[in-house]
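S.K.: let me see the structure of the following:
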Amino acid sequence: MDPAAPLLFFDSGVGGLSVLGPTRQLLPNAPIVYAADSAGFPYGKRSEEELAIRVPALLGRLIERFRPRLAVIACNTASTIALDHARAALDIPIVGTVPAIKPAAELSKSRVIGVLGTEATVRQPYVDDLAARFAADCTVIRHGSPELVELAEAKLAGEAVSIQAIHDSIAPMIEQLEGEKIDVMVLACTHFPLLADEIATAFPEIAQVDGAQGIARRIAYLTQGQTWPVIPRGIAVFTSADRIPHASTLASFGLDEIQQL
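M.R.: Numbers count the residues shown, from 1 in each chain. Just a heads-up that it's a prediction; the model follows:
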């Protein structure tokens, strides 16, 4: 394995940075390419047919350009819809993002958990399967919130985020039947952990879980024994110049170079 071969993280926007952060902690010398399909943002409002074609095609272009050692689809929507398509089309290891329903069920005392994601993610049969396998004795309440995705993007662009706006984006989940009993919410969109502090302020009585730490451990396992450079390179790639965060924000994740696909 070429020590300079990067880990490729892919998302529609900045949400995958919530997965990159824990991975950086485990693998501080890993070279990184973080790719955001800003031209296709937001994925939660795109059709499944479109994403099943778009995601593998973009990953193929990125793999050809950067020759990564593995790719991470750091996006719940893209993973639940396009992961199998990408694995079938591409010949490198691809790590997906799974809603953290199992740890939420293990943590819940009330046996009522919330799954907070994009509109596309929460309606996927994949979520039904996870709930049946790991939370069969729980009431699982789902809510798709495109507003939270936009708020996370705004936060990383340096804009102030209102706690009231956070509350209003999540409130419809709590207002569903038995929603007042939710004691754990699954952040089933990688954008949402970027708002963890604001969500905790808006709903201090509800615990949050997400899959970022588990994904980081999986990446570390798959790259065990591989060689890393002494000084890693960090590149952020965008498919459009319209939604690029501040350079200082990207630099805080080790991404010092910005390119366009």
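S.K.: any weak-confidence spans in the stretch 51-200 of the chain?
M.R.: Regions of the stretch 51-200 of the chain meeting the criterion pLDDT under 70 are absent.
S.K.: the strands in it, which residues?
M.R.: 70-73, 94-95, 112-117, 139-144, 184-187 (DSSP state E, counting those that start in this stretch).
S.K.: in the first one, what's buried?
M.R.: Residues 70, 71, 72, 73 are the ones in strand 70-73 that count as buried (16 or more other C-beta atoms under 10 Å). C-beta: built from backbone N, CA, C; applies to glycine.
S.K.: direction included, what does it pair against?
M.R.: strand 7-11 (parallel), strand 94-95 (parallel) (DSSP bridges).
S.K.: re the thing from before, okay, the strands of the stretch 51-200 of the chain in JSON lines with distance to residue 5 next?
M.R.: Listed next are these as JSON lines, based on distance: least, C-beta to C-beta, whole Å:
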{"stretch": "strand 70-73", "distance to residue 5": "9"}
{"stretch": "strand 94-95", "distance to residue 5": "15"}
{"stretch": "strand 112-117", "distance to residue 5": "31"}
{"stretch": "strand 139-144", "distance to residue 5": "36"}
{"stretch": "strand 184-187", "distance to residue 5": "30"}
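S.K.: do you know which of those lies nearest residue 210?
M.R.: Nearest to residue 210 among the strands of the stretch 51-200 of the chain is strand 184-187; the distance by C-beta to C-beta comes to 4.1 Å.
S.K.: which secondary structure elements does the closest one contact?
M.R.: Packing partners of strand 184-187 (3 or more C-beta pairs under 8 Å, 6 or more residues apart in numbering; DSSP states H and E): helix 101-107, strand 112-117, helix 196-202, strand 207-209.
S.K.: single out the most deeply packed of these.
M.R.: strand 112-117 (a mean of 26; mean count of other C-beta atoms under 10 Å).
S.K.: so how far is it from its chain's centroid?
M.R.: Averaged C-alpha coordinates place strand 112-117 at 16 Å from its chain's average position (C-alpha atoms, centre = their mean, to the nearest Å).
S.K.: right, and residue 67 touches residue 2 too?
M.R.: Yes. At 7.5 Å, residue 67 and residue 2 qualify as touching, with contact defined as C-beta atoms under 8 Å.
S.K.: more neighbours, the two?
M.R.: residue 67 (14 against 11; other C-beta atoms under 10 Å).
S.K.: list the residues that contact the more buried one.
M.R.: In this structure, residue 67 makes contact with 2, 5, judged by C-beta atoms under 8 Å, 6 or more residues apart in numbering.
S.K.: list phi and psi for it.
M.R.: phi 50, psi 60 (degrees, to the nearest 10).
S.K.: next, count neighbours for the nearest residue to residue 183 once chain neighbours are set aside.
M.R.: Distance criterion C-beta to C-beta, 6 or more residues apart in numbering; nearest residue to residue 183, sequence neighbours excluded, is residue 110 at 4.5 Å. Neighbourhood size, residue 110 [other C-beta under 10 Å]: 13.
S.K.: roughly how far does residue 110 sit from residue 59?
M.R.: 39 Å (C-beta to C-beta, to the nearest Å).
S.K.: equivalent analysis for residue 132, please.
M.R.: Taking C-beta to C-beta, one finds residue 132 at 29 Å from residue 59.
S.K.: between these two, who's got more neighbours?
M.R.: More crowded of residue 132 and residue 59, by other C-beta under 10 Å: residue 59, with 25 against 11.
S.K.: excluding its backbone neighbours, what's nearest that one?
M.R.: residue 86 (5.5 Å).
S.K.: surely that neighbour and residue 55 touch.
M.R.: Yes. Assessed by C-beta under 8 Å, residue 86 is found in contact with residue 55 at 5.9 Å.
S.K.: got any residues that touch both of those two?
M.R.: residue 73.
S.K.: the two - which one has more neighbours?
M.R.: Using other C-beta under 10 Å, the more surrounded residue of residue 86 and residue 55 is residue 55, with 27 against 23.
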